[in-house]
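*Asks:* no sequence for this one, just the structure:
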C-alpha cells in the first residue's frame, strides 16, 4: 500500500479515536482548563499528530499512549470530584485580588499579575474605575470575577420592590421554514394557533427562517427577507391599557354617583381591579 494512503487512513483513524476520547473527557477540555487539563490537552494533541506519520511499524504504540493519557485524565478528574485536597493541588485555589475596595498587592505578586493586567481584567468586566470594585477574585481558571460596590450594582426589579413573573425557556417552533411540533406541544400550543399568529402579522410559514415563542406566548419570527419589517405584537400592551381603562372607569363611576351604597361598591371594585393590575403588571409590561 502506498505511503500517502497509509498516512491518510491513519489520520482518519486518529481523528475518530481522538473525537471519542475528547467526548469521554467531557466539556471541560474545551472550556476553562486547569493546569493539568492544559498539559493533557497539549500532550494528547502532540501524540495524535505524530501517529499518522509514524512509518516504522510502531504507530499503534501511539494509540496506546493516547489511551493511557486519557485514562489518567479520567482518574484524576474523578479524584478531584471526591477530594478537596486533590482539587487544591491540581486545580489550585482562587486568589483574592481586591477586598473591601483595596488592592492586595501581595496577592498580585503571587499571581504575577501587573497593575495594567489587573485593570485590563476589570475592563473586560465593564469596570473602568477601581473605586467601583468591592471585591475581585482570580479563579483557578485564571478568570477574574468582580463584585461592584452596592451603589454601583445594576438596578434590578427586587431593588424597587417589583414582583417579576418567572422566566421559562424560549422554544424554537420554526426552523428553516419547517414547523417543530415537539416544542409547540411542550408549551401547550398547536399548529392552528401558529397559523393564526402568522396570519395576524401577514407572514407565510415558508418565509420564516426562525420562529420562537417566549414564556408569555409571544411569537417572534425572523424572515429570510431582511427587508421585510414584521410588526410587533401589541396584545399585552392592549390588554394592559384595557385594564387601566376599566380601573379609571370604576373610579369615575364612584365619583359620579350620590348613592353611598353604589359608591362603595364601585370603590371596592376599583381596589380589586388595582390589585389585579399589580399582579399581572410584570407579565404585561415586560
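*Replies:* Great, that's in hand. Fair warning: this is a prediction, and the values are worked out from it, not measured in the lab.
*Asks:* contacts and neighbour counts: CA atoms only from here.
*Replies:* Fine.
*Asks:* Report the residue spans of the stretch 51-200 of the chain with pLDDT below the cut-off.
*Replies:* 52-59, 90-91, 157, 159-167 (pLDDT under 70).
*Asks:* how about the helices of it, start to end?
*Replies:* Taking DSSP state H, counting those that start in this stretch to define them, one finds helices in the stretch 51-200 of the chain at 59-82, 84-90, 105-110, 115-124, 181-186, 191-201.
*Asks:* Next, the residues that contact the fourth one from outside, please.
*Replies:* The one in question is helix 115-124. Applying Cα atoms under 8 Å, 6 or more residues apart in numbering, the contact partners of helix 115-124 are 128, 130, 144, 146.
*Asks:* buried stuff in that helix?
*Replies:* Using 16 or more other Cα atoms under 10 Å as the test for burial, helix 115-124 gives 118, 121, 122.
*Asks:* re earlier: please check the contacts of helix 115-124 and keep the buried ones.
*Replies:* In those, the ones that pass as buried (16+ other Cα under 10 Å) are 130, 144, 146.
*Asks:* For residue 133, see how far away residue 117 is.
*Replies:* 16 Å (Cα to Cα, to the nearest Å).
*Asks:* Switch the buried residues of helix 115-124 over to a markdown table; also include distance to residue 103.
*Replies:* Converted to a markdown table, those look like this (distance: Cα to Cα, whole Å):
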| residue | distance to residue 103 |
| --- | --- |
| 118 | 10 |
| 121 | 14 |
| 122 | 12 |
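*Asks:* Tell me the one among those nearest to residue 275.
*Replies:* residue 122 (43.9 Å; Cα to Cα).
*Asks:* re the thing from before, which one of the buried ones among the contacts of helix 115-124 sits closest to residue 214?
*Replies:* Nearest to residue 214 among those is residue 146, at 30.9 Å by Cα to Cα.
*Asks:* The closest one against residue 125, yeah?
*Replies:* Yes: the criterion here is Cα atoms under 8 Å, and residue 146 meets it with residue 125 at 7.3 Å.
*Asks:* In TSV: the buried ones among the contacts of helix 115-124, plus distance to residue 168.
*Replies:* TSV is the format used below for these (distance: Cα to Cα, whole Å):
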residue	distance to residue 168
130	36
144	30
146	27
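*Asks:* Of the residues you listed, which belong to strands?
*Replies:* Assignment to strands by DSSP state E places the following of the buried ones among the contacts of helix 115-124 there: 144, 146.
*Asks:* mind giving me the domain split of the chain?
*Replies:* 3-88, 95-152, 171-233, 236-284 (automatic domain parsing).
*Asks:* now those domains as CSV including distance to residue 158?
*Replies:* Converted to CSV, the domains of the chain look like this (distance: least, Cα to Cα, whole Å):
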stretch, distance to residue 158
domain 3-88, 32
domain 95-152, 14
domain 171-233, 20
domain 236-284, 12
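*Asks:* and residue 142, backbone torsions?
*Replies:* Backbone torsions of residue 142, given as degrees, to the nearest 10, read phi 100, psi -10.
*Asks:* Tell me how many other residues crowd residue 154.
*Replies:* Applying other Cα atoms under 10 Å, we find 8 residues neighbouring residue 154.
*Asks:* how close does it get to residue 173?
*Replies:* 33 Å.
*Asks:* before we move on, what about residue 201?
*Replies:* 16 Å.
*Asks:* quick one, which of those two is more surrounded?
*Replies:* residue 173 (25 against 14).
*Asks:* Double-check that one against residue 187; I have them as touching.
*Replies:* No: taking Cα under 8 Å as the definition, residue 173 is not a contact partner of residue 187, at 10.0 Å.
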